[in-house]
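**Student:** Starting from these lines, generate the structure:
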Amino acid sequence: MPASKMLREIGQQPEVLERTIASELATAEKIRRRFAKRKPRLIVLVARGTSDNAAQFGRYLLEITTGIPVSLAAPSVYTLYKSAMDLKDILLVAISQSGESTDINVVVKQAAAQGAFTLGITNQQTSELARLVDTVFLVRAGTEESVAATKTYTGQLLTFYLLAYALGGSIRVDDLRRLPQCASAALQLQPEIAAQAVRYRFMERAVVVARGLNYANAFEFALKLMETCYVVAERFSSADFLHGPIAMLEASFPVFMFAPPGVTWKGLAGLASQLQEIGAETLIITDQSHRAAVKRAASGRLNHSFVIPLEIESRDRPADLYTPIPYIIPAQLLAVSLAEVKGLDPDCPRALSKITRTL
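**Tutor:** Just a heads-up that it's a prediction; the model follows:
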């Protein structure tokens, strides 16, 4: 059977990241000059779907590295409730793969009219979004044919690193240039993940857990399981999970966890121990720098782990700063492999299309 478009596009991510860094660093420098003397008092992000998951990452990254408060906009406040927002002196960032999401573009127009500086993140240079904003980061992904977004998601994450750098955040460009290598290392897990996918063939429900910078990946992985494998996948912060949802778990319940080194690990390790006591079917995604810690926490009883064969560490803090892009790739690979094991077409999920227009 020929490889799906989704699988091919997952494999293209190192090249997409390289092209995006090479092309969009100049845009980052332009934004850096624009805000050199006075940073925005607030950043507002607006997006839908996978792009909204990227925005969730952007919120964590920008607040952690720049100290600027970030808000996630609710488009219906603008489109349905017609509320007039005071957006003077704020930076409005709209994220859309196609650049043609109706409600996102309505928010951009209203924000511009209220005095916001508008920035777009899109894969389409000729889109309405690209025409509306003051400046644009282009994700250099080429055409994404599969309905399930993969390479545009990681491209959007990369542009948030560039934006954080432009706003004076603790981001090193040299570290960004290593991200394509990290993505390539994650892709080496494909044979192992394809072999493991059959284990989850009859999975109908699952939980995905993460925290901090990888919290967005929990949303994105769950979305991929829902749209390509038709699995009911709930996503949680590991902290929120302990406030009630853990009660639904039982023996063999599938739980997927993103477990990088750094400040989030202590809580995740404690949760992993509880999952072992329950007997949940647990799979952890980590990297070589954290393999020993994950193994110790598991005490040899952890069901499974996908270990990216590369040490992904930040010379600065936090230690998990550059993990989100490589960490989502094993999850993407599992989703596409599981869809194929189930006999589903991951490129054409039922009831979905590539461009979604809502108000």
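
**Student:** so when I look at L45, I'm seeing a strand, right?
**Tutor:** Yes: according to DSSP: H, G, I helix; E, B strand; the rest coil, L45 belongs to a strand.

**Student:** residue contacts, it?
**Tutor:** If you count contacts by CB atoms under 8 Å, 6 or more residues apart in numbering, L45 has them with 55, 58-59, 70-73, 93-95. The C-beta positions use only the backbone N, C-alpha and C, and glycine is treated the same way.

**Student:** Flag the least confident of those.
**Tutor:** Lowest pLDDT among the contacts of L45: A73, with 92.

**Student:** My guess is it contacts V107. True?
**Tutor:** Yes: in terms of CB atoms under 8 Å, A73 counts as a neighbour of V107; the distance is 6.0 Å.

**Student:** Can you measure across stretch 39-49, start residue to end residue?
**Tutor:** 28 Å (CA to CA, to the nearest Å).

**Student:** buried ones in that stretch?
**Tutor:** Across stretch 39-49, burial judged by 16 or more other CB atoms under 10 Å covers 40, 43-49.

**Student:** in the stretch 101-250 of the chain, which spans are strands?
**Tutor:** 117-122, 135-138, 205-210, 232-237 (DSSP state E, counting those that start in this stretch).

**Student:** For stretch 251-265, what is the distance to the chain centroid?
**Tutor:** Stretch 251-265 sits 16 Å away from the centroid of its parent chain (CA atoms, centre = their mean, to the nearest Å).

**Student:** hmm, back to that, looking at the buried residues of stretch 39-49, which is nearest F219?
**Tutor:** Closest to F219 out of the buried residues of stretch 39-49 is G49 (10.2 Å), distances taken as CB to CB.

**Student:** how near is that closest one to I312?
**Tutor:** 27 Å (CB to CB, to the nearest Å).

**Student:** Now for G267, how many residues are close by?
**Tutor:** Number of residues near G267 (other CB atoms under 10 Å) recorded here: 17.

**Student:** Next up, the contacts around it.
**Tutor:** G267 neighbours (CB under 8 Å, 6+ apart): 211, 238-239.

**Student:** Could you rerun that using 10 Å?
**Tutor:** Taking CB atoms under 10 Å, 6 or more residues apart in numbering as the criterion, G267 is in contact with 209, 211-212, 237-239, 241-242.

**Student:** Just the buried residues out of those, in PyMOL syntax.
**Tutor:** In PyMOL, this line selects whichever of the contacts of G267 come out buried by 16+ other CB under 10 Å:
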select buried, resi 209+211+212+237+238+241
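
**Student:** Reformat the contacts of G267 into JSON lines and put pLDDT and distance to C182 next to each item.
**Tutor:** Formatted as JSON lines, those follow (pLDDT from 0 to 100; distance: CB to CB, whole Å):
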{"residue": "V209", "pLDDT": "94", "distance to C182": "22"}
{"residue": "R211", "pLDDT": "95", "distance to C182": "20"}
{"residue": "G212", "pLDDT": "97", "distance to C182": "18"}
{"residue": "S237", "pLDDT": "85", "distance to C182": "24"}
{"residue": "S238", "pLDDT": "82", "distance to C182": "23"}
{"residue": "A239", "pLDDT": "84", "distance to C182": "26"}
{"residue": "F241", "pLDDT": "74", "distance to C182": "27"}
{"residue": "L242", "pLDDT": "68", "distance to C182": "30"}
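
**Student:** how much space between the residue nearest to L271 when sequence neighbours are not counted and Y215?
**Tutor:** Leaving aside its sequence neighbours, L271 sits nearest to S238 (CB to CB, 6 or more residues apart in numbering; 5.1 Å). S238 is 9 Å from Y215, where distance means CB to CB.

**Student:** where do the contact lists of these two overlap?
**Tutor:** 209, 258, 264.

**Student:** quick one: which of the residues you listed is nearest to M203?
**Tutor:** Nearest member of those to M203, counting by CB to CB, is V209, at 15.7 Å.

**Student:** check contacts around that closest one.
**Tutor:** Taking CB under 10 Å, 6+ apart as the test, what V209 contacts is 215, 218, 222, 234-241, 245-246, 255-259, 267-268, 271-272, 275, 282, 284.

**Student:** which ones among the residues you listed are found in helices?
**Tutor:** The helices, defined by DSSP state H, take in 215, 218, 222, 238-241, 267-268, 271-272, 275 from the contacts of V209.

**Student:** Report the residue spans of the chain with pLDDT below the cut-off.
**Tutor:** Residues of the chain that meet the criterion pLDDT under 70 lie in 1-2, 242, 247, 298-303, 316, 350-359.
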